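Student: For reference, the sequence and a predicted model appear below.
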Amino acid sequence: MNMKEGLKYAAIDLECATSDIGNICEIGLIIMEDGKEVFSFRSLVRPVVPAFGDWQRWNLTYSLKDALSAPSFPEVWSRVANEIKGLPLIAHNASQVECKHLGHAFSHHQMKEAANAPFYCTLELARRAWPEIEKHGIKSLARRFNWELDHHNPESDARVCSAVVELVAKENEIKSWEGLVGKNQWNRHVIPQFQNRLIVRAKHAAPKKRADYIHELVTWKPTAKFESMSKGQSYVISGFDNAQKQKLRMMGSKAGLMHRRSVNARIDFLVADVKMGAAKYARCVEYEIPIVSMDEFLKQLEGMQG
């Protein structure tokens, strides 16, 4: 692309199934030309790692089953590559997220020819353009500028990235990519390439039993039936802020319960909020440990005291 021709670029956002680098499970793409959205695309991607010890269920609105039946990364990327050919790419925190994950995915799938696109980071651009703003994350920017956002929907996240570019260009009366890069001293990032093939592997051992992990606590598949609490039982707390955890620990201690920090086969139950740690959830699945909400925990404590 001749960068003097106008402001045309592609915004990309990735979602990953686990914390394993390169284990991409969804891609969103927006193409902008002279202030107008001319193309959008969103697709699930079948994750490379079939072991979901830390499935990122809180980020996602679909199930593990949906992801496992999706097309492979090379299949999805071939569609993306056809649309972005010759365009500069943008992403939020590009060097630490999109470039890193794509580099590992390209290496794993032996797609060397795909790793040549230039990336520009909208997080860096936002920090340069609006230094007076305290936070420059996607959610913070969307809230400040009243941009519509369905966070962790990669198409929506990519659209907010494009909104950053469009607003900066408008404020500075910039109408070319070259002008935008030069005015803001915007760094160009590259997708890392590796001499030897990288294999995307799970950091955590797979649970013996897999579950169809869902986004909300109320729709998690039950790990085991919870009967009742009694003095001397061991339990773990996960997902609450520190003040809440301390309060729940004190209440449990007064009732004769034994608080533990890690989940193992000797734990009787786990008290969870919606931000429960994924690894703890996986172990509850593996060891068939009941998960209870705070309301249920308090109700059981009341019953023990009565």
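Tutor: Happy to help now that I have it.
Student: what distance separates the start and the end of stretch 18-26?
Tutor: Counting by C-alpha to C-alpha, to the nearest Å, you get 12 Å between the two ends of stretch 18-26.
Student: Can you give me the buried ones in it?
Tutor: Neighbour-count burial for stretch 18-26 flags 18, 20-26 (criterion: 16 or more other C-beta atoms under 10 Å). For every residue, glycine as well, the C-beta is placed using N, CA and C.
Student: go on, stretch 293-300?
Tutor: Under the neighbour-count criterion of 16+ other C-beta under 10 Å, stretch 293-300 has 294, 297, 300 buried.
Student: Quick check: which element contains the spatially closest residue to the second one that is not a sequence neighbour?
Tutor: Here the nearest residue to residue 297 in space, its sequence neighbours aside, is residue 271; by C-beta to C-beta, 6 or more residues apart in numbering that works out to 4.7 Å. Here residue 271 is covered by strand 269-272, with elements defined by DSSP states H and E.
Student: Just list the residues touching the residue nearest to residue 297, thanks.
Tutor: Residues counted as contacts of residue 271 (C-beta atoms under 8 Å, 6 or more residues apart in numbering) are 235-238, 248, 291-294, 297.
Student: In strands, which of those fall?
Tutor: Using DSSP state E, 235-238, 291-292 are the members of those that sit in strands.
Student: Reformat these as TSV; add pLDDT, neighbour count and distance to residue 10.
Tutor: What follows is these, written out as TSV (pLDDT from 0 to 100; neighbours: other C-beta atoms under 10 Å; distance: C-beta to C-beta, whole Å):
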residue	pLDDT	neighbour count	distance to residue 10
235	96	22	49
236	95	23	44
237	94	23	44
238	89	20	39
291	88	23	41
292	88	17	46
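Student: which one of the buried residues of stretch 18-26 is nearest residue 142?
Tutor: Using C-beta to C-beta, residue 26 is the member of those that sits closest to residue 142, with 18.8 Å.
Student: Many thanks, we can stop here.
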